[in-house]
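my questions concern the predicted model and sequence given below.
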Amino acid sequence: MSQANRRNRELRAAALLVLPFVFIFAVFFLYPTYKVVALSFTDAPLIGEGNWVGLANYTKLFGDRLFYTSLWNNFYFVLLTVIPTTVIALLIALSVSKLKGRVQALVLTLFFLPYVLPVSVVTMIWAWMLDFQFGVLQPLIAAITGKPVPVFKNPTWVMPMIAVVTVWWTNGFNVLLMIAGLRNIPADLYEAASLDGATPWQRFWRVTWPLLWPVVSLVLTLQLILQLKLFDQVYLLSNGGPFNQSYVVLMQMYREAFQLNNGGYASAIAMVLFLVIVIVSILQFQLLRIRGRK
Amino acid sequence: MQGTGVHLDAVKKSFGMVDVIKGVDMQVKRGEFAVFVGPSGCGKSTLLRMIAGLEDTSGGSISIGERDVTHADPADRGVAMVFQSYALYPHLSVFENMAFSLRLAKRPKAEVKDKVQEAAAILQLTDHLDKKPSQLSGGQRQRVAIGRAIVRAPEVFLFDEPLSNLDAELRVQMRLELARLHQKLGATMIYVTHDQVEAMTLADTIFVLQGGHVQQSGAPLDLYDDPSNRFVAGFIGSPSMNFLDAKVVAQTSGGITAELTSQPDARFDIALTERPAVGTPVSLGMRPEHISITEGVGLRVTVDVAEELGGVSYQHGTLEGGEPVIFQQTGARHGMHGTVQTVMPDAARMFVFDEAGDRLR
């Protein structure tokens, strides 16, 4: 009797604690997710119901040349950002970890500062710095290529420059993760290694690298997911142009949904991007885990 | 004198403004087991790390064998170190941990295998070579750390409080294993500990460090029987020596008569060659095992805690003046707790220290 009572009380308390979360999760995550899946099988406009069209949106999508361009641009961008930003973050973290006390905190803050800026401010800064007429970086570009380049209007330059902006913006967070990983490696391992006769190079490859690998693979995976979701920078800097050279999947989804009023088709694009991210990140994660176990 | 094991000459170390090691001379003979012992913060670990080359030396010189290694790289000193935390590479197997230095030196595979197998056999690790350090117990990890040192065949083994992370039983067991290992390898070993029991049981020579100085060095029992100052007298021996304040009341032909401050009817005739003047305050040191129960006059000790260990018991109490006294009883099992006991120290085995803590002989 009393045991049943206590069990009821515990259940009530548990329900009370869990329900607010379940409610918010259901309303703001579960329902929209269901809605996207459902919409992708209809010809619905952005607002209002549509008719069931089965897989028509998906068939249309797989015949859409712009979709393949966007997908290719997405992968090109991943290539330009994920590994470079990880390598840069690792190098910065290694040098910052050599510093001590306040100097270290100061330098770390400097590297982290861009990360706290909103994307619109970041793109504004870079748009001005790279401005064709007045940009402070144009002399540098001119010195290398021989003439100033309107980078966000040039099909060759546009994606690499968006990548540079993105790396500059998000690198601080990766540096922070790497620093945390480096701090987790006990100092006496390096002392033991130097007694064992390891050169600085060997200390890095035989101690730091294997012990930092879990953090490196975490950074790689997070970056991959993040960079596949590219939209803001493109929207603000080049709007997909020139000649669709910076057109990405989310850009296409945005156009279809909010400018062309094709809610159903846009949902199908979102679903496919979702599946691409899931598949690629699982693949990468497995790949990294196998390497880590070796 | 340089041809021996490890030789330190006026070695100094300062961190910024703080002097940690203030001029240490020492001589560890080849094949000797030397122990640095002292309370925490005495600089013993720093000194060991300076010998290893993990800390820079601010002054003086360090030589190992014939070579001056004061500013040599850690790897070139011919030393191997066993860390308190073991410092095993968590991503490598036991075999690879032990083979690490040979792999770095790019030794042939067969040689690596032989040397690791040999060390593993000495340390009974042969069955565990494929495991990762995280799969081993504390004692086994400790052995791997020692094995890693053995594989390098160094001139000098350095141990930095290697047993302090083990539980009491394992600590005693590993202590014995270390003693046997030293006999088997015959290498020079320097061992840092804060535990004077480890120091007494393992050492050929103990160096007692405090305040950045070597307070005294010598064979364990020499330090025990003949401490040169109050610090060493109090540090070596467990439970530690009793110190009672006293005053010289007379000079006799062979020494002095001293009277306890807190119990003036207790007087002792102590043999001394350097006799302090009448009225000089001194401190009398007496070990718990040299105090025995007496029927006649003596120190009246109110026992408040009795530690009964079976074979011996330690009676903790206070004099009338409140000074703490510990005395040892052998075989006696009658509860002394809460009683007042009259005890008499053996004046022949009493030590006299002046106010500065130096021994009067």
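Noted; the coordinates are in hand. Residues are numbered from 1 along each chain as shown, chains lettered A, B, ... in the order given.

quick check, pLDDT for residue 4.
I'll assume chain A. In this model, residue A:4 is scored at 85, pLDDT.

if you could check chain B rather than the one you did, that'd help
pLDDT, residue B:4: 67.

just the helices in the chain please.
Unless you meant another one, I'm taking chain A. Taking DSSP state H to define them, one finds helices in chain A at A:2-25, A:31-39, A:56-62, A:65-98, A:101-112, A:119-129, A:138-145, A:158-183, A:187-195, A:200-203, A:209-228, A:232-237, A:249-254, A:263-293.

I was after chain B.
Using DSSP H, helices in chain B cover B:44-52, B:94-104, B:109-122, B:138-151, B:168-185, B:196-202, B:220-225, B:230-235.

give me the neighbour count for the residue lying closest to residue A:78 once chain neighbours are set aside.
Nearest non-adjacent residue to residue A:78, counting by C-beta to C-beta, 6 or more residues apart in numbering or on different chains: residue A:227, 5.0 Å away. No exception for glycine: its C-beta is placed from N, CA and C like everyone else's. Neighbourhood size, residue A:227 [other C-beta atoms under 10 Å in any protein chain shown]: 22.

mind listing what the closest residue to residue B:330 other than its chain neighbours touches?
Distance criterion C-beta to C-beta, 6+ apart; nearest residue to residue B:330, sequence neighbours excluded, is residue B:312 at 5.2 Å. Residues in contact with residue B:312, defined by C-beta atoms under 8 Å, 6 or more residues apart in numbering or on different chains, are B:328, B:329, B:330, B:331.

and those residues, which of them are buried?
With burial judged by 16 or more other C-beta atoms under 10 Å in any protein chain shown, the buried subset of the contacts of residue B:312 is B:328, B:329.

and of the contacts of residue B:312, the nearest to chain A?
Nearest to chain A among those: residue B:328, at 40.2 Å, using C-beta to the nearest C-beta.

now do the contacts for that closest one.
B:239, B:288, B:289, B:291, B:312, B:313, B:314, B:315.

quick one: which two of the contacts of residue B:312 are the most distant?
B:328 and B:331 (10.8 Å; C-beta to C-beta).

leaving out sequence neighbours, find the closest residue to the most centrally placed residue in chain A.
The centroid of chain A falls nearest to residue A:226 when counting by C-alpha atoms, centre = their mean (1.5 Å). Ranked by C-beta to C-beta, 6+ apart and with sequence neighbours excluded, the top spatial neighbour of residue A:226 is residue A:170, at 7.2 Å.

okay, the contacts of residue B:312 in CSV with pLDDT next?
Formatted as CSV, those follow (pLDDT from 0 to 100):
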residue, pLDDT
B:328, 90
B:329, 87
B:330, 85
B:331, 75
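
output the contacts of residue B:312 as a markdown table; include the columns distance to residue A:234.
Converted to a markdown table, the contacts of residue B:312 look like this (distance: C-beta to C-beta, whole Å):
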| residue | distance to residue A:234 |
| --- | --- |
| B:328 | 84 |
| B:329 | 87 |
| B:330 | 88 |
| B:331 | 90 |
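
quick one: low-confidence parts of chain A?
A:1, A:291-294 (pLDDT under 70).

burial check on the residue nearest to residue A:161 when sequence neighbours are not counted, number of neighbours?
Leaving aside its chain neighbours, residue A:161 sits nearest to residue A:151 (4.5 Å; criterion: C-beta to C-beta, 6+ apart). Residue A:151 has 24 neighbouring residues, counting by other C-beta under 10 Å.

now swap in residue B:48 and tell me
21.

in space, what's closest to the residue of the stretch 101-250 of chain B found nearest chain A - neighbours in sequence excluded?
Going by C-beta to the nearest C-beta, chain A is nearest to residue B:101 of the stretch 101-250 of chain B, at 3.8 Å. Counting by C-beta to C-beta, 6+ apart, residue B:101 lies nearest to residue A:196, which is 3.8 Å off, once chain neighbours are set aside.

check contacts around that neighbour.
Counting by C-beta under 8 Å, 6+ apart, residue A:196 makes contact with B:75, B:100, B:101, B:104, B:148, B:152.

identify the farthest-apart pair in the residues you listed.
B:75 and B:148 (13.7 Å).

among these two, which residue is more densely surrounded?
Neighbours per residue (other C-beta under 10 Å) separate residue B:75 from residue B:148, with residue B:148 holding more: 27 against 19.
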